[in-house]
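J.: below are the sequence and a predicted model; questions follow.
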Amino acid sequence: MLILECPCCGVKAEETELTPGGEAHLKRCGPGSTDDEFDGYMFARANPRGVHFERWRHAYGCGKWFLAARCTATLEVFGTYPAQSKQPPAELQAKIKARRPGWEGWT
Amino acid sequence: MAMKRYSVFAIAREAMSYHMGWERAWRSPAPKRKYDAVIVGAGGHGLATAYYLGKNHGLTNVAIIEKGWLGGGNTGRNTTIIRSNYLQDPSAAIYEKARSLYETMSQDLNYNVMFSPRGLLMLGQTEHEVRGYKRTVYANNLQGVSTEWISPRRVKELVPIINIDGPRYPVLGALYQARGGTARHDAVAWGYARACSAMGMDVIQQCEVTGVRTEAGRVIGIDTTRGAIDCDKLGMVVAGHSSVLAEMAGFRLPIESLALQALVSEPIKPCMDVVVMANTVHGYMSQSDKGEMVIGGGTDGFNNYTQRGSFHHIEETVRALIETFPMISRLKMLRQWGGIVDMTGDRSPLISKTPVEGIFVNCGWGTGGFKAIPGSGWAMAELMARGASPLAEEFSMYRFREGKFIDESVAAGVAH
């Protein structure tokens, strides 16, 4: 069972309390962007087999969105962090790097 | 390379030598240095693609590469349902093509795939669902797909074990496709593999692709755990791992990989000779030839490559099915398993050219690929051999950019 700690309310929530929200840190395209850029933003996904950053909502808890780093090949959870983050916190990146030496890093 | 045909006479002949003379159904060759076309993924879709490349287009210098064992992915993990009652025209066309090919597949392949057109019901359990399915019936009639809307009484006649006036999920009628049904999933992969091998193609198992080599935007070959293989054309038919392979080739797909689960009960006496799908409650059920009740559920919502899903989905599926089929409440469940399905935004597949010249992709079948295997292979082979296929035209990966969705996610509810 997947358990994520909500960074907003601190509850260790199991997955029936949570709603998945897909890939995190997608860069929204602005006016004047090409069709290809919008296509990439709206539909193309990294969908990696390994380290994945994603959005979650504590739907049956505090109701807030947050972000999580998780391994899609093992279901290991590296950590969660606030939804307002522009990128994963440095200590979380270091932790992932320690656990997954082959990880190419945050790009 | 002539393959010995299976027949009643062959059984009699082999009986003379105590059945010790049967040869292997397909060869296990070492990979050659170069092929005209390489198909990655020896599941149903990949093998069907190779088969129709040979049969319809005369291309037999083909290898089918498989990282695990033949048919060991979603081909061996699905609930074997075959139907073609889709709402949108492009979907109905390709699924109906597949369903019609299933009817003669055992004869075509000289391999018994146990296709059983036993009839398939999709229950309408809410007013909205009733309206949606009636619309599908009208669409199917226009598409030449034979389906009908039937009353609750008729449902009860077809499925005596069903509870049609359940308090929460009453059965208000059903979309009935009399020619839908099931087939033996492993046999589909085995039959295609045998036929491909007989045409001189190489089915190479235990061979994982580690890289895709390109030159000036064109594919020139792949690297595998059994050495480099050159090819002019590359077909990626790897379902849940499509994004991983696309990454090797340097592009992204509109795909997310999720876990989908199924389970079977202990075997019981024959009690239900049709397939029943209940999309409101995310469950579907049929009885296998061994007597097990085969039950499928919904997908998890989060990206996952582990081939195991969340327990609460099984619980939800079974809980809801018990209300519709009270007698299964005492059944013990024997096995449960998961597969990784490749979901697109509109829940329709991709059979498409890609940004890399010579690479073709066939994926995105999501939760319902088994039923499409022959049609998918037919269209993919045509696309790879001729550069275009009428069946595949609408399933381009560029349809998202153009806004030309084939929206079956609304049309089909969840399981399809």
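T.: Looks like it came in fine.
J.: which regions of the chain lie under the pLDDT threshold?
T.: Using chain A here. Of all residues in chain A, none has pLDDT under 70.
J.: let me rephrase: I mean chain B.
T.: B:1-2, B:409-416.
J.: where does the residue of the stretch 51-200 of chain B found nearest chain A sit, in terms of helix or strand?
T.: Distance from chain A to each residue of the stretch 51-200 of chain B (C-beta to the nearest C-beta) is smallest for B:Lys67, at 12.2 Å. All C-beta spots, glycine's among them, are computed from the backbone N, C-alpha and C. Under DSSP states H and E, no helix or strand contains B:Lys67.
J.: which residues does the closest residue to it other than its chain neighbours contact?
T.: Closest residue in space to B:Lys67, ignoring its immediate chain neighbours: B:Glu208 at 3.7 Å, by C-beta to C-beta, 6 or more residues apart in numbering or on different chains. For B:Glu208, the contact set (C-beta atoms under 8 Å, 6 or more residues apart in numbering or on different chains) comprises B:67, B:224-225.
J.: so which of the residues you listed is the closest to B:Ser243?
T.: B:Lys67 (15.0 Å; C-beta to C-beta).
J.: surely the closest one is in contact with B:Ile222?
T.: No - counting by C-beta atoms under 8 Å, B:Lys67 does not reach B:Ile222; the two are 11.8 Å apart.
J.: who has more neighbours out of the two?
T.: Higher neighbour count among B:Lys67 and B:Ile222: B:Ile222, with 26 against 20, using other C-beta atoms under 10 Å in any protein chain shown.
J.: show me what counts as buried in the helix or strand that contains the more buried one.
T.: Mapping B:Ile222 onto the secondary structure by DSSP H and E places it in strand B:218-224. Going by neighbour count (16 or more other C-beta atoms under 10 Å in any protein chain shown), the buried part of strand B:218-224 is B:219-222, B:224.
J.: so what touches it?
T.: B:31, B:34, B:38, B:40, B:65, B:207-214, B:228-234, B:249, B:356-359.
J.: weed out the non-buried ones from those.
T.: Members of the contacts of strand B:218-224 classed as buried by 16+ other C-beta under 10 Å are B:31, B:38, B:40, B:65, B:207, B:209, B:212-214, B:229, B:231, B:233-234, B:249, B:356, B:358-359.
J.: so which of these are in helices?
T.: B:Ala249 (DSSP state H).
J.: of the buried ones among the contacts of strand B:218-224, which belong to strands?
T.: Among the buried ones among the contacts of strand B:218-224, the members found in strands (DSSP state E) are B:38, B:40, B:65, B:209, B:212-214, B:229, B:231, B:233-234, B:359.
J.: out of those, who's nearest chain A?
T.: Ranked by distance to chain A (C-beta to the nearest C-beta), these are led by B:Val209 at 13.0 Å.
J.: check contacts around the residue nearest the centre of chain B.
T.: Among the residues of chain B, the one closest to the centroid is B:Phe370, at 1.6 Å (C-alpha atoms, centre = their mean). Listed by C-beta under 8 Å, 6+ apart, the contact partners of B:Phe370 are B:44, B:74-75, B:78-82, B:185, B:188.
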